[in-house]
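Asks: Sharing a model prediction with you, sequence too.
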Amino acid sequence: MKCEICITLLAGLIATTPASAVDGVIEINQASAIAGGVTSADTPGFPVTLVAGASYRLTSDLAVNANDVEAIVDAPLDTLYSGLGTISLDLNGFSIRCKAYHGSRGETSGCDNPTRNGIAIQYVPNVTITNGGVTGFYFGINIETSGARIERIHAWNNTGFGISVQQGGTITNSVVESNAGGIFGNDALITDNVVKSNSSDGISTGVRSLVIHNFVSTNGGAGLSLGTTTGYRENTIAENNPNVAGGVNLGNNLCSIVLCP
């Protein structure tokens, strides 16, 4: 009987203890997020706080309650938490979602508050986020630091932007649909994405960006709403309102069935 109790306790401990895989990547799942201690800066519950100088990988979906602030954030770069290097986060095919979101009815409750984002990076530069989904928040992914790399993300049904990169980086090979706004970038390369059915603009930029090889359709606002120092080329842009506003046409853009003027 005592051995059986020991085994049960050990199994519970293993299930809730954040694990590092054999390749050194720190694994995150729903149980470890609730338990806390994923990193030295992480407290129990959401958000999960990541520190620089490590790679992370989801091993389950993360389901956030409406009264939680955010799902994943980074720790301030101070002497306790900074370490060296940056953050790499592999969603590993899983999704980060707000449990209050009801996809069939298009409703949100709580997680659409402007302070509640799926992934919010404020301090660590050169962050990489890949291979998964974010839904039911305000911004799906909001990067306020420079040098971000966002790849193979599905961002849908967020009430702000699906993906926002504010100080430079790349957004590529992603599907961004049915948000309020699709993609926003400053100093950004935005390439090879599908951006559709967002209620406002599909792809928006501020300054010094390049928008290339994207499919942008059926957005309620402009397909491309671009700053004066943004160039765009080789995009397919159809059934938006209007298809293009601003930017510099660098050629070979298809607007519905004709080349863009």
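Replies: Received the coordinates, thanks. The structure displayed is predicted, hence computed values, not measured ones.

Asks: is it true that residue 32 lies in a strand?
Replies: No: judged by DSSP: H, G, I helix; E, B strand; the rest coil, residue 32 forms no part of a strand; its state is helix.

Asks: What about it, how many residues nearby?
Replies: By the criterion of other Cβ atoms under 10 Å, residue 32 has 22 neighbours. Yep, even glycine has a C-beta here, placed from its N, CA and C like the rest.

Asks: Adjust the sequence numbering to begin at 27 for everything that follows.
Replies: With 27 as the first residue, the last one maps to residue 58.

Asks: what's the spacing between it and residue 164?
Replies: Separation of residue 58 from residue 164 (Cβ to Cβ, to the nearest Å): 24 Å.

Asks: count of neighbours near the closest residue in space to residue 125 that isn't next to it in sequence?
Replies: For residue 125, ignoring the flanking residues on the chain, the nearest one in space by Cβ to Cβ, 6 or more residues apart in numbering is residue 89 at 4.7 Å. Residue 89 is flanked by 18 other residues according to other Cβ under 10 Å.

Asks: Might one say that residue 60 is in contact with residue 70?
Replies: Yes: taking Cβ atoms under 8 Å as the definition, residue 60 is a contact partner of residue 70 at 6.5 Å.

Asks: More neighbours: which of those two?
Replies: Comparing residue 60 with residue 70 by other Cβ under 10 Å, the one with more neighbours is residue 60, at 13 against 10.

Asks: Next one: that one from residue 230, what distance?
Replies: With Cβ to Cβ as the criterion, residue 60 and residue 230 are 36 Å apart.

Asks: Residue 210 pairs with what?
Replies: Beta-bridge pairing of residue 210 under DSSP bridges involves residue 190, residue 230.

Asks: pLDDT at it, what is it?
Replies: Residue 210 is assigned a pLDDT of 98 by the prediction.

Asks: residues contacting it?
Replies: 187, 189, 190, 191, 192, 229, 230, 231, 232 (Cβ atoms under 8 Å, 6 or more residues apart in numbering).

Asks: how much space between it and residue 229?
Replies: For residue 210 relative to residue 229 (Cβ to Cβ), the value is 8 Å.

Asks: cool, residue 193 as well?
Replies: Taken as Cβ to Cβ, the span from residue 193 to residue 229 is 17 Å.

Asks: what about these two, which has more around it?
Replies: Ranked by neighbour count (other Cβ under 10 Å), residue 193 and residue 229 place residue 229 first, with 34 against 16.

Asks: Go ahead and confirm the more buried one touches residue 217.
Replies: No: look at residue 229 against residue 217 with Cβ under 8 Å: they stay out of range, at 10.5 Å.

Asks: Quick check: neighbours shared by these two?
Replies: What both residue 229 and residue 217 touch, as defined by Cβ under 8 Å, 6+ apart, is the set 237, 240.
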